[in-house]
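Participant: Sequence first, then the predicted structure:
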Amino acid sequence: MKTKREYWEYQYKLGRDYLVPLFKEWGVKLSESRILDVGCGEGGILHALKDYADISVIGIDISGSKIIEACLTYPSKMVQFFPADIQHYNPNKKFNLIILRDTIEHLSERNRVMEKIGGLLLPGGKVFVSFPPFYSPFGGHQQMLGSFLRYVPWFHVLPVWRFFNWFIGKFDDNPGHLAEMNKIRDNRMSIIGFKELCENSGFEIIRSRYYFSRPSFKIRYGIPVIRSKWLGRVPVLREIFTTGAFYLLEKK
């Protein structure tokens with residue numbers, strides 16, 4: 001995607017065509033709900049939820065430039081954006097649904113974040129989390145690079161990472177992404193690691209879905225959406241071949 005406007009449109013389609021139907025299937029009530037999107041980026045997901053349920057929604061992101069873009073792209077009184085770190089975000093009201101779409105793998109202090117999120121939920125509130133497991137083909141977020149490496153699966157988990165680290169910094173068209181890739185490598189958010197995180201932070205996983213080819217691949221690359229099915233039931237294979245893990249949580 002070449003522009004932030006194109007990325008907004010990608011987010012909107014993902015929210016409209018996949019997240020809204022998934023929330024309906026999972027029994028998540030969107031109408032009359034207060035919704036917070038943590039790591040909202042340019043805000044397309046929230047606009048899709050607003051358009052479906054005719055509700056006011058809030059998005060936060062630590063990137064001030066993304067928040068500015070979110071505010072300018074399609075301004076709406078029903079969609080509010082704030083530059084904020086979730087750990088220091090103190091809204092006046094709590095939420096029925098909190099979304100962390102492809103955000104948790106970027107967070108170093110995940111236990112504190114989950115504790116904070118638990119405190120922002122209304123009674124009976126839900127948390128939606130999705131992420132590409134670290135050991136999956138593109139769990140290193142290499143698709144954001146500018147060289148041929150963006151098409152190379154699993155290279156982010158190889159023991160010769162120092163070579164790739166050097167190559168990206170020296171020759172890739174998007175070397176600025178290297179810092180985030182190293183952060184994701186340090187965090188190594190796996191499926192089993194996420195389940196341990198939920199257990200330690202007092203959350204129960206009430207619904208889950210694993211994708212061999214996740215919905216975003218359909219929108220961005222035209223690759224059909226394929227659920228993991230039996231691969232999603234075998235722990236080792238699930239870690240290696242799941243490109244998208246989707247969860248619905250609630251406080252125990």
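Facilitator: Received it, and whenever you're ready, just let me know what you need.
Participant: where along the stretch 51-200 of the chain do the strands fall?
Facilitator: Secondary structure of the stretch 51-200 of the chain by DSSP state E, counting those that start in this stretch: the strands cover 57-61, 79-83, 95-101, 121-131.
Participant: out of the ones you listed, nearest to Cys71?
Facilitator: Shortest distance between Cys71 and the strands of the stretch 51-200 of the chain, using C-beta to C-beta, is found for strand 79-83: 5.4 Å. Using the backbone N, CA and C atoms, a C-beta is placed for each residue, glycine as well.
Participant: if we can go back for a sec, could the strands of the stretch 51-200 of the chain be laid out in TSV, adding mean pLDDT, distance to Leu107 and mean neighbour count?
Facilitator: Output for those, formatted as TSV (pLDDT from 0 to 100; distance: least, C-beta to C-beta, whole Å; neighbours: other C-beta atoms under 10 Å):
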stretch	mean pLDDT	distance to Leu107	mean neighbour count
strand 57-61	97	13	24
strand 79-83	96	16	18
strand 95-101	98	8	22
strand 121-131	97	10	19
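Participant: Make TSV from these and add distance to His156 to it.
Facilitator: As requested, these are exported to TSV (distance: least, C-beta to C-beta, whole Å):
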stretch	distance to His156
strand 57-61	24
strand 79-83	29
strand 95-101	21
strand 121-131	14
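Participant: So what's the residue count around Leu120?
Facilitator: Number of residues near Leu120 (other C-beta atoms under 10 Å) recorded here: 19.
Participant: got a list of what it touches?
Facilitator: By C-beta atoms under 8 Å, 6 or more residues apart in numbering, the contact set of Leu120 is Leu36, Tyr89, Pro91, Lys94, Phe95, Ile98.
Participant: Please convert the residues you listed to CSV, extending it with distance to Ile206.
Facilitator: What follows is these, written out as CSV (distance: C-beta to C-beta, whole Å):
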residue, distance to Ile206
Leu36, 19
Tyr89, 24
Pro91, 24
Lys94, 19
Phe95, 17
Ile98, 14
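Participant: Out of those, flag the one nearest to Gly119.
Facilitator: Scanning the contacts of Leu120 for proximity to Gly119, where the rule is C-beta to C-beta, the winner is Lys94, at 8.2 Å.
Participant: So that closest one is in contact with Gly124, correct?
Facilitator: No. Applying C-beta atoms under 8 Å, one finds Lys94 not in contact with Gly124, separated by 11.0 Å.
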